[in-house]
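Novice: Turn this into a model:
(one chain, ligands or ions: 2)
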Amino acid sequence: MVKQYFMPTRVILGEDSVKNNPSVFSEMGKKALIVTGRSSAKKNGSLDDVTEVLSKNGQEWSVFDRVMANPSVECVYEGASFARSEKVDFVIAIGGGSPMDAAKAINLLACQDIPRDRLFSGNYGAEILPMIFVPTTAGTGSEVTPYSILTDHGEETKISIASPILFPKVAFLDAKYMDNLPRDITVNTAIDALSHAVEGMLSVRANPMTDAIASESIRMISSCFDALKKFQLTRNDRGKLLYASTLAGMVIANTGTTAVHSMGYSLTYYKDIDHGRANGLLLAEFLKFIERHRPDKVEQILACMGMKKTDEFKDLFDELLGEKERLTLDEINMYTEKAMPKKNIRNSIAVPGKEDVLNIYKASLG
Ligand code: NAP
Ligand code: FE
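Specialist: Residues are numbered from 1 along each chain as shown. Ligands and ions are numbered 1, 2, ... in the order given. Prediction:
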């Protein structure tokens, strides 16, 4: 079992950090591939800031803006063939987890010939272009992780590509891009970040360094719960959520996620439930499961949130999530079968068996 803390991504924080650091871009080469989503980067100022810097630097760029939420395998192969034809020197990802994850896979596939049936093999060469990431949601932490999570329609699930070569070189954190992030996306992404920090603390790979970072992330997110509930977030709150989500990304980059993420993928694939919300729906019951085996760890997590009992956690999540989706018994059985073989199921300090997974689904959504 490897327990380590490794973080090769340079993180530059603060308002206008993109515009104030043109040399970070000029060092990367002559031409950039910008990977982004369909519309938000054009409205929130992030794309303008990046292209202004490139333009002033005399650099060229091409834009691939066809990344959908929960990007598909087909989408990243399409992006890779575009990247090859544009002969780019580096990649800039702008957006939420979907464009950021897609950018990593596009880059990998543009640099290496990887057939479809070996995409998730984990065996890749070293070739990759340098990457700059500009997150515009505060949730996935993809700007500091070596993961690219893709939707595989063949397998009807989400699967991750994981490799140290997928760490971005630089991440810019500027909360101003999130000023107009709608309520649901803000809450769901904050829950995703919290889920990363919590799952990181419950991972077999957790260690004193990841625990320290995860604790800080949980405290930071918890300080924003009132603002999240009322959806009255200042720029400062947005900054805290972004910082906390990057910290949580640094945690899972080293610990991986656990059963919550593997169980959530079917909720997203079959029920179209946002990734962060899917985690949120399952988190309280997963904590209760862990509590039966490792009450000390759950106590530590709750203390970071100013709580003593898992019921307080559940009440908070009930309030944040509002009316919950319901699953039929057939759906629960099928999702359990899908979750069990996933690697992250076995990554937690108490490994849930099939019955446990079934019961977590039932208690959360039955
Ligand atoms: P997302 O799918 O990237 O974005 C959700 C929606 O928010 C999109 O419609 C997007 O618009 C919009 N949006 C993004 N930034 C905005 C802004 N500043 N203002 C207004 N709207 C904005 O959502 P996400 O939750 O950030 O990412 C989820 C993905 O990340 C999932 O695929 C998940 O599996 C993955 N993930 C990855 C990791 C990792 O370590 N790599 C960890 C956890 C989750 P556009 O249509 O323009 O994009
Ligand atoms: Fe996540």
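Novice: Which residues of the stretch 201-350 of the chain lie near ligand 1?
Specialist: Contacts of the stretch 201-350 of the chain with ligand 1, taken as Cβ under 6 Å from any ligand atom, map to H275, G276. Where you see a C-beta, it was placed from the backbone N, CA and C, and this is true even at glycine.
Novice: how about a cut-off of 5 Å?
Specialist: H275 (Cβ under 5 Å from any ligand atom).
Novice: Name the residue of the stretch 201-350 of the chain that lies nearest to ligand 1.
Specialist: H275 (4.0 Å; Cβ to the nearest ligand atom).
Novice: where does the residue nearest to the spatial centre of the chain land in three-state SS?
Specialist: Nearest to the mean C-alpha position of the chain, counting by Cα atoms, centre = their mean, stands T140 at 2.1 Å. The assignment at T140 comes out as coil when based on DSSP: H, G, I helix; E, B strand; the rest coil.
Novice: Name all residues that make contact with it.
Specialist: G96, G97, M100, D101, T189, D192, A193, S245, G249, H275 (Cβ atoms under 8 Å, 6 or more residues apart in numbering).
Novice: I'd like these as CSV, with secondary structure and neighbour count appended.
Specialist: Listed next are the contacts of T140 as CSV, based on DSSP: H, G, I helix; E, B strand; the rest coil; neighbours: other Cβ atoms under 10 Å:
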residue, secondary structure, neighbour count
G96, coil, 26
G97, helix, 28
M100, helix, 32
D101, helix, 28
T189, helix, 27
D192, helix, 27
A193, helix, 31
S245, helix, 30
G249, helix, 29
H275, helix, 26
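Novice: circling back to that earlier point, my guess is the residue of the stretch 201-350 of the chain closest to ligand 1 contacts D101, does it?
Specialist: No. Counting by Cβ atoms under 8 Å, H275 stays clear of D101, with 10.4 Å between them.
Novice: The chain - how does it break down into domains?
Specialist: 10-177, 181-365 (automatic domain parsing).
Novice: Give me the distance between the two termini of the last one.
Specialist: Yep, that's domain 181-365 we're talking about. Taking Cα to Cα, to the nearest Å, the first and last residues of domain 181-365 lie 27 Å apart.
Novice: host element of Q300?
Specialist: helix 295-304 (DSSP states H and E).
Novice: Equivalent analysis for P352, please.
Specialist: Using DSSP H and E, P352 falls outside every helix and strand.
Novice: Am I right that R326 sits in a helix?
Specialist: No. Counting by three-state DSSP, R326 is located in no helix; its state is coil.
Novice: Just give the nearest non-adjacent residue to it, would you?
Specialist: Closest residue to R326 apart from its sequence neighbours, by Cβ to Cβ, 6 or more residues apart in numbering: L365 at 6.0 Å.
Novice: do the same with K308
Specialist: L302 (6.2 Å).
Novice: looking at it, that neighbour is touching F313, isn't it?
Specialist: Yes. L302 lies in contact with F313 (Cβ under 8 Å); the separation is 6.5 Å.
Novice: V91 in helix, strand or coil?
Specialist: strand.
Novice: beta partners for it?
Specialist: L33, M131 (DSSP bridges).
Novice: In this structure, mark out all the strands, start to finish.
Specialist: Under the criterion DSSP state E, strands of the chain are mapped to 10-13, 31-37, 60-67, 90-95, 131-135, 147-152, 157-162, 170-173.
Novice: can those go into CSV with extra columns for distance to ligand 1, mean neighbour count and mean pLDDT?
Specialist: Converted to CSV, these look like this (distance: least, Cβ to the nearest ligand atom, whole Å; neighbours: other Cβ atoms under 10 Å; pLDDT from 0 to 100):
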stretch, distance to ligand 1, mean neighbour count, mean pLDDT
strand 10-13, 15, 15, 98
strand 31-37, 2, 25, 98
strand 60-67, 6, 19, 98
strand 90-95, 5, 28, 98
strand 131-135, 8, 28, 99
strand 147-152, 4, 22, 98
strand 157-162, 6, 21, 96
strand 170-173, 12, 24, 99
